[in-house]
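A.B. asks: build the 3D model from these lines:
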Amino acid sequence: MTRIRTVLLGSAALAIVVALVLADRAAASAVERRLADRLRCATGASGPIEVDTGGFPILDQLAFGELTLVEIEADTVPLAGGTVTHIEARATKVRLSDDRPLADSVTLFAQVSYPDLRRFTADRPDLQIIGGNESGRLLLRTDMVSTTGTTPATVYADVSVQGNLLTIQPAEVELPALGQSQTVIGRVPMAVSPAETMPMPQLPRGLKYRAAGATPEGMQFLAVGANLPLAGTNC
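C.D. replies: Numbering: from 1, shown residues only. Predicted coordinates for the structure are as follows:
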């Protein structure tokens, strides 16, 4: 009899645990869907948005009105007339409210396609962005003018950000017509060796650019911020 009672008590305890886990996951899914909807409204994203609240259990976090961690992935997000191809964000200590969720800190990774990045050099028809390579350098096409004429050139440049400016520093020039590749400093005309700067899209208030890098898939940016709303008051 004692053994049967023990088995019954154990089964009941297991059923309670399972019920609590299911209730917790159901609450997490509801919060994630609501945050995704508000983010879609706030950003105007046309692609999918995935939200993960991560930590278990979530019910006690909801009781205190603060989520320890929220991870977000979104595709095709409009920004300043262009499009951000992909965004990954990590928000910590997200305080929940009816008006708008507020994150204590946000780290954001964004990737911009080269066609969208090219519009920032529209006023420089002599300098065309063509892509990036595995070494993290930006590839540009330009013409090098010398006493013997004009020669098409591919410039390999290092990139960095300062404020809202993207700095492009030529590091190497390739002259396909001549079959030559050479470093910039002291070996090519000064027309291509000075650093160029481009204005970048204005980020939402509170976010600041921290780093940039070129990849074959697109230009990647890192931005950070603090005390940031994750959605507008109208969403």
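A.B. asks: relative to the one helix or strand Leu108 maps to, what are the paired strands and their orientations?
C.D. replies: Secondary structure assigned from DSSP states H and E places Leu108 in strand 102-112. If you go by DSSP bridges, strand 102-112 pairs up with strand 82-95 (antiparallel), strand 219-229 (antiparallel).
A.B. asks: residue contacts, Leu138?
C.D. replies: 129, 131-132, 156-159, 168, 214, 219 (C-beta atoms under 8 Å, 6 or more residues apart in numbering). Yep, even glycine has a C-beta here, placed from its N, CA and C like the rest.
A.B. asks: count the residues that sit near the nearest residue to it once chain neighbours are set aside.
C.D. replies: Distances taken as C-beta to C-beta, 6 or more residues apart in numbering put Ala214 closest to Leu138, at 4.2 Å, once the chain neighbours are dropped. Neighbour count of Ala214, defined by other C-beta atoms under 10 Å: 25.
A.B. asks: could you do Thr83 as well?
C.D. replies: Around Thr83 there are 17 residues (other C-beta under 10 Å).
A.B. asks: contact partners for it?
C.D. replies: 76-77, 112-113, 116.
A.B. asks: is Gly213 within a helix or a strand, and which one?
C.D. replies: Judged by DSSP H and E, Gly213 forms part of strand 207-214.
A.B. asks: break the chain into its domains for me.
C.D. replies: 2-112, 115-214 (automatic domain parsing).
A.B. asks: which other residues reach whichever helix or strand Ile130 is part of?
C.D. replies: Assigned by DSSP H and E, Ile130 belongs to strand 128-132. For strand 128-132, the external contacting residues (C-beta under 8 Å, 6+ apart) are 114, 117-118, 121, 138-142, 154, 214-219.
A.B. asks: sheet-wise, list the partners of it with their directions.
C.D. replies: strand 138-146 (antiparallel).
A.B. asks: now the partner strand and strand 207-214, what's the angle there?
C.D. replies: 70 degrees (axes from the mean of the first three to the mean of the last three C-alpha atoms, to 10 degrees).
A.B. asks: show me where this protein has its helices.
C.D. replies: 2-43, 59-64, 114-118 (DSSP state H).
A.B. asks: okay, now Pro229: neighbour count?
C.D. replies: 20.
A.B. asks: I'd say it and Arg100 touch.
C.D. replies: Yes - when contacts are counted by C-beta atoms under 8 Å, Pro229 is listed as touching Arg100 (4.5 Å).
A.B. asks: from Ala211, how far out is Val70?
C.D. replies: 22 Å (C-beta to C-beta, to the nearest Å).
A.B. asks: look at these two and report which has more neighbours.
C.D. replies: More crowded of Val70 and Ala211, by other C-beta under 10 Å: Val70, with 24 against 13.
A.B. asks: quick check: chain neighbours aside, which residue is closest to that one?
C.D. replies: Val70 sits nearest to Ala91 (C-beta to C-beta, 6+ apart), 4.5 Å away.
A.B. asks: OK, contacts around that neighbour?
C.D. replies: Neighbours of Ala91 in contact, by C-beta under 8 Å, 6+ apart: 69-72, 103-106, 228, 230.
A.B. asks: list the buried ones in stretch 203-223?
C.D. replies: Buried residues in stretch 203-223, counted by 16 or more other C-beta atoms under 10 Å: 203, 207, 209, 212-215, 218-221, 223.
A.B. asks: flag the least confident of the residues you listed.
C.D. replies: Across those, the bottom pLDDT score, 83, is held by Leu203.
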